[in-house]
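Peer 1: I'd like to go over a predicted model; first the sequence, then the structure.
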2 protein chains.
Amino acid sequence: MKKATSGGRPISTKASSDLKAAALRLIRERGYEKVSIATIAKEAGVARQTLYNRWNTKADLVLAAVFEETHNYAAEPVLDDAKDCRTKLEEFLINVFEHLKIDGDTLRALIASAQHDATFHASFYTNFVLPREKMITALLHHAQERGEFPAKRNPEMVSTFIHGAFWYRLLNRGTLDANFAKDVTTEVFV
Amino acid sequence: MKKATSGGRPISTKASSDLKAAALRLIRERGYEKVSIATIAKEAGVARQTLYNRWNTKADLVLAAVFEETHNYAAEPVLDDAKDCRTKLEEFLINVFEHLKIDGDTLRALIASAQHDATFHASFYTNFVLPREKMITALLHHAQERGEFPAKRNPEMVSTFIHGAFWYRLLNRGTLDANFAKDVTTEVFV
DNA sequence: TCATTTTGTGGACGGCAGTCTATTATTCAA
DNA sequence: TTGAATAATAGACTGCCGTCCACAAAATGA
């Protein structure tokens, strides 16, 4: 329940968006680890405490910032019958990897942050990880219904394979490109 | 080339082993993030600088400490014909997951550290990640030679699937148990 | 206008990481 | 025995994080 309060200084939405913009810009310029919270606040022209009033950690702020951008070009695969699911999977992966050319290092940093911050992990998992996992499982189920994917296969486990391969590559600083997308898809639909 | 120097105070091997022992003990007691470098040094009865003389970061120290212990019960699957490869894979995974009941959180912390420390990542990858990946690929190749695994499958990619699934589960704080080992194995040899 | 409520600001504080330095300890060789 | 070489120690220092606090700013309602 939101307390229906009257009066009080309103929260500055400009401060929030300035902080998100500054964070994303600085991190892409210098790398996640090289940017301090104080620098982000200074660059946004906002007091450090104001940042802490909105987000608990740098990871929370950056996740929010990435989200705002990502929602614009979210590329969820549509479950129509225009293409076969194998093509859809490959194109989806290619699309994801394409965006990671810009924010791959940031995503690595967020995953790392989730490891020593249980609170952030919860938010990261439910808002970011799980939805993407659901996309793949839905696609694989759809493929099963269409007879493109054997009924005896386990979509949940295969989805784990796909995301796992992706994370494993990402976190070990391997290359994520169209070739890898093709190789993954080939092995899934072998 | 090692400089054949004469004289000079010898490096204290006791300090090294005391530091490793203290680190492992404290981390298992309190968790990786809760233990400061100063605390480890203090607990080992050694100056903080001495720790820095041997390792660059807490992650380097802990990796060395875990290594010493792990080498004692390294459970590389033997490539004989005693059992089929499917059973070997499942038992290998069960064994790995069993040890992670103790050091799973530590491994998560090490993977996280590797994300903001390129030097540590290199050492972690070559000394820890890659050897384990090779074990699985070797096993899968062996399975192919024995006709237990289709020739058209790609052992390297399947190995990435297996390790990826493992990492994905670990980093998302899912349960790693015998059931998961069985499910992974089943889906690999489907 | 004025009291109240809430947000923004600036500064201070303790804790930890990582680096540096002066001093002391331990070894080998001349 | 003495000097050179190397390691261990204790302490200082900077930079960053996270928290706390007092004060100013901006809104509402009486």
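Peer 2: Yes, it's here. Numbers count the residues shown, from 1 in each chain, chains lettered A, B, ... in the order given.

Peer 1: contacting residues for the closest residue to chain B within chain A?
Peer 2: Taking CB to the nearest CB as the measure, the point where chain A comes nearest chain B is A:Gly164, at 2.7 Å. All C-beta atoms are positioned from the backbone trio N, CA, C, and that covers glycine. Listed by CB atoms under 8 Å, 6 or more residues apart in numbering or on different chains, the contact set of A:Gly164 reads B:Thr160, B:Phe161, B:His163, B:Gly164, B:Ala165, B:Phe166, B:Trp167, B:Tyr168, B:Arg169.

Peer 1: now the helix or strand containing A:Lys101, how far from the chain's geometric center?
Peer 2: Remark: A:Lys101 resides in helix A:85-115, with elements defined by DSSP states H and E. Average the C-alpha atoms of helix A:85-115, do the same for its chain, and the two points are 7 Å apart (CA atoms, centre = their mean, to the nearest Å).

Peer 1: spatially nearest residue to the residue nearest the centre of chain A (excluding sequence neighbours)?
Peer 2: The residue lying closest to the centre of chain A (CA atoms, centre = their mean) is A:Phe128, at 5.0 Å. With sequence-adjacent residues excluded and distances taken as CB to CB, 6 or more residues apart in numbering or on different chains, A:Phe128 is closest to A:Leu63, at 7.0 Å.

Peer 1: the one you found is in what secondary structure piece?
Peer 2: Assignment of secondary structure by DSSP H and E places A:Leu63 within helix A:58-70.

Peer 1: that helix vs DNA strand C: in contact?
Peer 2: No: shown here: helix A:58-70 not in contact with DNA strand C (CB under 7 Å from any atom of the strand), separated by at least 13.8 Å.

Peer 1: just the buried positions in the helix or strand harbouring A:Ala165, please.
Peer 2: In this structure, A:Ala165 is located in helix A:155-171 according to DSSP H and E. Judged by neighbour count using 16 or more other CB atoms under 10 Å in any protein chain shown, the buried positions of helix A:155-171 are A:155, A:157-171.

Peer 1: same question for stretch A:50-58.
Peer 2: By neighbour count, with 16+ other CB under 10 Å as the criterion, the buried positions of stretch A:50-58 are A:Thr50, A:Leu51, A:Arg54, A:Trp55, A:Lys58.

Peer 1: which ones among those residues map onto helices?
Peer 2: Assignment to helices by DSSP state H places the following of the buried residues of stretch A:50-58 there: A:Thr50, A:Leu51, A:Arg54, A:Lys58.

Peer 1: just those that are near DNA strand D?
Peer 2: The subset of these lying close to DNA strand D, counting by CB under 7 Å from any atom of the strand, consists of A:Lys58.

Peer 1: what does chain A have sitting close to DNA strand C?
Peer 2: A:3, A:5, A:7-12, A:15, A:45-50, A:53.

Peer 1: could you redo the last one with a cut-off of 10 Å?
Peer 2: For chain A, the residues found near DNA strand C under the criterion CB under 10 Å from any atom of the strand are A:3-16, A:18-19, A:38, A:41-42, A:44-54.

Peer 1: ok, back up a step: okay, the contacts of A:Gly164 in a markdown table with pLDDT and distance to A:Glu145 next?
Peer 2: Conversion of the contacts of A:Gly164 to a markdown table gives the following (pLDDT from 0 to 100; distance: CB to CB, whole Å):
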| residue | pLDDT | distance to A:Glu145 |
| --- | --- | --- |
| B:Thr160 | 98 | 28 |
| B:Phe161 | 98 | 23 |
| B:His163 | 98 | 30 |
| B:Gly164 | 98 | 26 |
| B:Ala165 | 98 | 24 |
| B:Phe166 | 98 | 29 |
| B:Trp167 | 98 | 30 |
| B:Tyr168 | 98 | 25 |
| B:Arg169 | 98 | 27 |
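
Peer 1: ok, which pair from those residues is furthest apart?
Peer 2: B:Thr160 and B:Arg169 (14.6 Å; CB to CB).

Peer 1: picking that back up, could you dump the contacts of A:Gly164 into a markdown table and include distance to A:Glu29?
Peer 2: Formatted as a markdown table, the contacts of A:Gly164 follow (distance: CB to CB, whole Å):
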| residue | distance to A:Glu29 |
| --- | --- |
| B:Thr160 | 32 |
| B:Phe161 | 35 |
| B:His163 | 33 |
| B:Gly164 | 31 |
| B:Ala165 | 35 |
| B:Phe166 | 34 |
| B:Trp167 | 29 |
| B:Tyr168 | 30 |
| B:Arg169 | 34 |
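
Peer 1: which other residues reach the lowest-mean-pLDDT helix or strand in chain A?
Peer 2: Comparing every helix and strand of chain A by mean pLDDT, DSSP states H and E singles out helix A:58-70 as the least confident one, with a mean of 94. Contacts of helix A:58-70 from elsewhere in the structure, counted by CB under 8 Å, 6+ apart, are A:19-21, A:23-24, A:27, A:32, A:35, A:37, A:40, A:51, A:54-55, A:99, A:103, A:106, A:109-110, A:113-114, A:117, A:120, A:123-124, A:127-128.

Peer 1: that older thread, so what angle separates the directions of the helix holding A:Lys101 and helix A:155-171?
Peer 2: An angle of 60 degrees separates the directions of helix A:85-115 and helix A:155-171 when computed by axes from the mean of the first three to the mean of the last three CA atoms, to 10 degrees.

Peer 1: okay, now the unreliable bits of chain A?
Peer 2: Regions of chain A meeting the criterion pLDDT under 70 cover residues A:1-5, A:72-74.

Peer 1: write out the residues of it neighbouring DNA strand D.
Peer 2: A:4-10, A:12, A:33-41, A:47-53, A:55-61, A:113, A:116-117, A:120.

Peer 1: if you set the cut-off to 6 Å instead, what comes out?
Peer 2: Residues of chain A lying close to DNA strand D (CB under 6 Å from any atom of the strand) are A:Ser6, A:Gly7, A:Gly8, A:Arg9, A:Pro10, A:Ser36, A:Ile37, A:Ala38, A:Gln49, A:Tyr52, A:Thr57, A:Lys58.
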